[in-house]
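**Q** fold the following and give me the result.
(one chain, ligands or ions: 3)
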Amino acid sequence: MKRRDFLKAAGTGALVASSATTVSARENLPVPEDAVGMLYDATLCIGCRACVVKCKEINGAPPETVEGEEHWDMAQELSADTLTIIQAFNADTGPDIPNLADGTFSFSKRQCMHCVDPGCVTVCPVSAMQKHPTTGIVSHDPDVCIGCRYCVLACPYNVPKYEYDETFGQIQKCQLCNQPGVERIDNGQITGCTEVCPTGANIFGPRKELLAEAKRRAELKEGDTYTYPLQSIDSTYRYETQVKADYQQHIFGEKEGGGTQVLVVAGTPITNLGLPELPERSYAANSETVQHTIYGGMLAPAGLLAGLLYLARRNTKGDDKDE
Ligand code: SF4
Ligand code: SF4
Ligand code: SF4
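**A** Ligands and ions are numbered 1, 2, ... in the order given. As a prediction, the model looks like this:
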């Protein structure tokens, strides 16, 4: 277990245990009425990584060095320069060496999940991480960020990345293509990675419509004929094809960690695709409940904060290098 995982597990366990003495537990936040997001369908992904290249173009990010060579699309870990990746997993055994030769593999796309109740927003001491009240997009403001990296520790998907190579490093993560200077969603466009996806494996839309589409797909069996949209859920570009595999009865992001606005469906167990198993209660609800309990009981909050600061600063840099 990496130190980051240990810290998260220990922290979550302590939080849950502590909540036994809670005066009033904070519930998960609701899905914003006009929440937007993306639906990734692993059965349709062909691993072309056009999405990864488009993401770099939109974010002005350089290529990554992979095995001594520069690549625009082959990074296997998120970084401050690579905000989305496509990985290949062994569909039966999960995050081991992918066995691409015998066909038992599935692609998996990673980026910020735009959590309904994001831990990164809850822990940010200066509100540099914000969740938009209507679209639900989780954004990061570099002008406000103090570089404490609490968000790095609080994200159950290990998404925010810190620019360790820069003198005044910043946090980088997917902002659903709506960051200042890009603002594709505010301008009525769709995200770059959904725009270029040639198979409709990744589509944009209102979260409630994407969830309804995911539920329709969960009913499909291998060989059924289905009409898939390209780019967005309301697109006029559609194509009819045969379903490639029985869909799992699991829509990742419907409930995990309080839900996410990026949803995932697949023909293989989704937890074999590099996504964590999470309780339905969000980390943010747990931690805010405990904060209120501790403050309500006057249990040395300054000492707790000092301890968290020490742990965060001592561990974060090394953890990112572990990945
Ligand atoms: S995936 Fe991580 S960075 Fe993205 S909203 Fe959720 S907690 Fe925040
Ligand atoms: S929504 Fe935009 S920033 Fe996020 S992964 Fe897709 S292209 Fe990259
Ligand atoms: S562009 Fe679409 S098909 Fe190609 S790798 Fe990305 S999600 Fe998969």
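**Q** which residues of the stretch 1-150 of the chain lie near ligand 1?
**A** By C-beta under 6 Å from any ligand atom, the residues of the stretch 1-150 of the chain that approach ligand 1 are 112, 113, 114, 115, 118, 119, 120, 138. Quick note: C-beta positions are derived from backbone N, CA and C, even for glycine.
**Q** I'd like those laid out as JSON lines, including pLDDT.
**A** Below are those laid out as JSON lines (pLDDT from 0 to 100):
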{"residue": "112", "pLDDT": "98"}
{"residue": "113", "pLDDT": "98"}
{"residue": "114", "pLDDT": "98"}
{"residue": "115", "pLDDT": "98"}
{"residue": "118", "pLDDT": "98"}
{"residue": "119", "pLDDT": "97"}
{"residue": "120", "pLDDT": "98"}
{"residue": "138", "pLDDT": "98"}
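**Q** among those residues, which lie within helices?
**A** Within those, residues falling in helices by DSSP state H are 119, 120.
**Q** now restrict the residues of the stretch 1-150 of the chain next to ligand 1 to buried residues only.
**A** Buried members of these, scored by 16 or more other C-beta atoms under 10 Å, are 112, 113, 114, 115, 118, 119, 120, 138.
**Q** wait, isn't the last one in contact with residue 117?
**A** It stands for residue 138. No - judged on C-beta atoms under 8 Å, residue 138 makes no contact with residue 117 at a distance of 10.4 Å.
**Q** ok, back up a step: just name the closest of the residues of the stretch 1-150 of the chain next to ligand 1 to residue 92, please.
**A** Closest approach to residue 92 among these (C-beta to C-beta): residue 113, at 24.5 Å.
**Q** these two touch, right, that closest one and residue 173?
**A** No - in this structure, residue 113 is not within contact of residue 173 by C-beta under 8 Å, at 10.2 Å.
**Q** any residues in contact with both of the two?
**A** residue 159 (C-beta atoms under 8 Å, 6 or more residues apart in numbering).
**Q** as JSON lines, the buried ones among the residues of the stretch 1-150 of the chain next to ligand 1 with distance to residue 48 would be great.
**A** Formatted as JSON lines, those follow (distance: C-beta to C-beta, whole Å):
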{"residue": "112", "distance to residue 48": "21"}
{"residue": "113", "distance to residue 48": "22"}
{"residue": "114", "distance to residue 48": "23"}
{"residue": "115", "distance to residue 48": "27"}
{"residue": "118", "distance to residue 48": "30"}
{"residue": "119", "distance to residue 48": "32"}
{"residue": "120", "distance to residue 48": "30"}
{"residue": "138", "distance to residue 48": "27"}
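**Q** of all the residues you listed, which comes closest to residue 260?
**A** residue 113 (3.8 Å).
**Q** interface residues of the stretch 201-323 of the chain facing ligand 3?
**A** 201, 202.
**Q** the stretch 201-323 of the chain: helices as residue ranges?
**A** All helices of the stretch 201-323 of the chain, identified by DSSP state H, counting those that start in this stretch, fall at 207-218, 283-296, 301-322.
**Q** which bits of this structure sit near ligand 2?
**A** Counting by C-beta under 6 Å from any ligand atom, the chain sits next to ligand 2 at 54, 55, 58, 83, 84, 111, 174, 176, 177, 191, 192, 193.
**Q** mind checking which of the residues you listed land in helices?
**A** 54, 55, 58, 192, 193.
**Q** quick one: which of these is nearest residue 144?
**A** Using C-beta to C-beta, residue 58 comes nearest to residue 144 of those, at 22.2 Å.
**Q** skipping adjacent residues, who's closest to that closest one in space?
**A** Nearest in space to residue 58, with sequence neighbours left out and distances taken as C-beta to C-beta, 6 or more residues apart in numbering, is residue 192 at 4.5 Å.
**Q** would you confirm that residue 233 contacts residue 202?
**A** No - assessed by C-beta under 8 Å, residue 233 is found out of contact with residue 202, at 11.5 Å.
**Q** thanks a lot, see you next time.
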